[in-house]
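> Here is a sequence with its predicted model. Questions after.
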Amino acid sequence: MEKVILLRFGEIFLKGDNRGFFENMLFTNVQKAIKEFDCKLKKIAGRYAVENYNEQDEQAIIQKLTKVFGLYSLSVARKVKTDIDEIVNLCAKLELTQKTFKVEVRRADKRFPIKSTEFAAICGEKILMTNKNIKVDVHNPETIVNIDIREDGWTYMFSDIILCAGGMPVGTSGKGLLLLSGGIDSPVAGYFMGKRGMSVECLHFHSFPYTSEQAKDKVIRLAKQMQNYIPHLKLHILSFTKVQEEINRNCDRDYMIILMRRIMMRVAEKLCKKIGAGAILTGESLGQVASQTLESITATNSVVTLPVFRPLVGFDKLETIDIAKKIGTYEISIEPYEDCCTVFLPKRPVTKPKIENVLEQEAKLNIDKLVQDCLESEEVVLI
Ligand code: ATP
Ligand code: MG
């Protein structure tokens, strides 16, 4: 008898012609997630199994696996050769702590000579002999002993089913460039796009010396945390100092935020072209702050042609915070370092910008040069 971890993926995306593509990507991502452990990942009919791992690594491996998008659930299972005596012996050794149970047999291997319900009864009886304080309850059992008799000559026995991250394997839905601030929202936005299968690279604007080295370090740690879910995360850090100084020197300060955001978008689109990303991703949520009114979003959106995905657009802040806590970015996000958007903050930011007024302000800037200079300040951090 050997312990293995069975991995299940939803069947939704495994139908049709793309099945091989999705499955290979998922297999690769799972392999990467557990590469630090001494173990073997195998394909078995419609599932994967992690085998030959050290018992003391089991919890750590499970922790990693629950964060791989595309996996739906997993179970620690006992694996034996498909042989009546071996399976029954294993049942006899099973120690259950619950008060009620039932056995469910799935017989994918039709060569197995005993019918599923009949065999479940045989196994159940064995379990009752070992566990004196437990009863069978077929309607509402506290635990189910699943016995999966697979086509490949092996049988897997398991009880607990642990839910994983779900979604689609990262790398199956193109690449997006996430505008990553140090705040709570943008890491969560990246998480959701990763969940839909997007590869993500991040772009952060800092305003050194107005913002500190710690503020930058915080963003690097945020990106590291996101990498638990999104493999190969790359972080591009650009200097926004000159842009802000130029706006501050030349323009009506009440337009600061909208002008900044329009330049951020232009820079992001250029960087997308360079890295082969097909979408810009942001953590905006409708109505949350002055720059996220419909009018402001329209004004920032109009400078780019690539699609801009805002997965949090309909989220309440508290809903976002819940997810941020779950994925481990919240504690980092609330560290009190300044963001570039808090530098040169206007007293009365325009919340419903009129496009002709915005253009009038932009006419006072050399936008192309600012965008170019900003791109040239690039520093790439491989997480
Ligand atoms: P967050 O919590 O993600 O900072 P927010 O609610 O504070 O969002 P804003 O500050 O208006 O909202 O920023 C909106 C979005 O713009 C952010 O979610 C992020 O995608 C992007 N953004 C803001 N500041 C930066 C920055 N310094 N670098 C990169 N992207 C940024
Ligand atoms: Mg912010």
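Good, I have the coordinates. Ligands and ions are numbered 1, 2, ... in the order given.
> Now the closest residue to ligand 1 within the chain. Nearest residue, chain neighbours left out?
In the chain, no residue comes nearer to ligand 1 than residue 183, which is 2.2 Å away by CB to the nearest ligand atom. Just so you know, the C-beta spots here come from the backbone N, C-alpha and C atoms, and that holds for glycine as well. Sequence neighbours aside, residue 333 is the residue nearest to residue 183 in space, at 5.9 Å (criterion: CB to CB, 6 or more residues apart in numbering).
> If I follow the layout properly, the one you found ends up in contact with residue 324?
Yes. Here residue 333 reaches residue 324: they are 6.2 Å apart, a contact under CB atoms under 8 Å.
> which residues are common contacts for those two?
Taking CB atoms under 8 Å, 6 or more residues apart in numbering as the contact rule, the neighbours common to residue 333 and residue 324 are 184, 187.
> Could you pull up phi and psi at the residue nearest to residue 183?
Listed backbone geometry of residue 333 is phi -60, psi -30, with angles given as degrees, to the nearest 10.
> Count the neighbours of it for me.
Summarising burial for residue 333: neighbours were counted as other CB atoms under 10 Å, giving 22.
> what do you get for residue 358?
By the criterion of other CB under 10 Å, residue 358 has 21 neighbours.
> how deep is the residue in the stretch 51-200 of the chain that ligand 2 sits nearest to tucked in, by neighbour count?
Using CB to the ion, the closest approach of the stretch 51-200 of the chain to ligand 2 is made by residue 183 at 3.2 Å. Counted with other CB under 10 Å, the burial measure for residue 183 works out to 18 neighbours.
> same thing with residue 173?
Counted with other CB under 10 Å, residues neighbouring residue 173 total 18.
> and this protein, which residues reach ligand 1?
In this structure, the chain approaches ligand 1 at residues 179-181, 183-186, 203-205, 282-284, 288-289, 291-292, 339-341, judged by CB under 6 Å from any ligand atom.
> let's go with 8 Å and repeat that
Residues of the chain that fall close to ligand 1, judged by CB under 8 Å from any ligand atom: 178-189, 203-207, 219, 240, 257, 261, 264, 281-285, 288-292, 312, 317, 320, 333, 339-341.
> Of those residues, just the buried ones, ChimeraX syntax please.
Of the residues of the chain next to ligand 1, the buried ones go into a single ChimeraX selection, burial set by 16 or more other CB atoms under 10 Å:
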select :178,179,180,181,182,183,184,185,186,187,188,189,203,204,205,206,207,219,240,257,261,264,281,282,283,284,285,288,290,291,292,312,320,333,339,340,341
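> quick check, the helix or strand hosting residue 224 touching ligand 2?
Secondary-structure assignment from DSSP states H and E places residue 224 in helix 213-226. No. Judged by CB under 5 Å from the ion, helix 213-226 stays clear of ligand 2, getting no closer than 11.1 Å.
> what residues does that helix touch?
By CB under 8 Å, 6+ apart, the surrounding residues in contact with helix 213-226 are 180-182, 187, 190-191, 194, 200, 202, 204, 206, 208, 233, 235, 237, 327-329, 332-333, 335, 337-339, 381, 383.
> quick one, strands of the stretch 51-200 of the chain?
Along the stretch 51-200 of the chain, counting by DSSP state E, counting those that start in this stretch, strands occupy 71-81, 100-107, 135-136, 143-149, 154-158, 162-163, 175-179, 199-206.
> what's the angle between the fifth one and strand 143-149?
It stands for strand 154-158. Relative orientation of strand 154-158 versus strand 143-149 (axes from the mean of the first three to the mean of the last three CA atoms, to 10 degrees): 170 degrees.
> Mind giving me the packing neighbours of strand 154-158?
strand 2-9, strand 71-81, helix 84-93, strand 143-149 (3 or more CB pairs under 8 Å, 6 or more residues apart in numbering; DSSP states H and E).
> Now those in JSON lines, please, with extra columns for mean pLDDT and mean neighbour count.
Conversion of those to JSON lines gives the following (pLDDT from 0 to 100; neighbours: other CB atoms under 10 Å):
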{"stretch": "strand 2-9", "mean pLDDT": "94", "mean neighbour count": "19"}
{"stretch": "strand 71-81", "mean pLDDT": "96", "mean neighbour count": "19"}
{"stretch": "helix 84-93", "mean pLDDT": "94", "mean neighbour count": "15"}
{"stretch": "strand 143-149", "mean pLDDT": "96", "mean neighbour count": "20"}
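> can I get these in JSON lines with distance to residue 168?
Listed next are these as JSON lines, based on distance: least, CB to CB, whole Å:
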{"stretch": "strand 2-9", "distance to residue 168": "10"}
{"stretch": "strand 71-81", "distance to residue 168": "11"}
{"stretch": "helix 84-93", "distance to residue 168": "35"}
{"stretch": "strand 143-149", "distance to residue 168": "25"}
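> Out of those, which is closest to residue 376?
Evaluated with CB to CB, the helices and strands packed on strand 154-158 place strand 71-81 nearest to residue 376, the distance being 40.9 Å.
> who does that closest one pair up with?
Strand 71-81 has the following strand partners under DSSP bridges: strand 2-9 (antiparallel), strand 154-158 (antiparallel), strand 162-163 (antiparallel).
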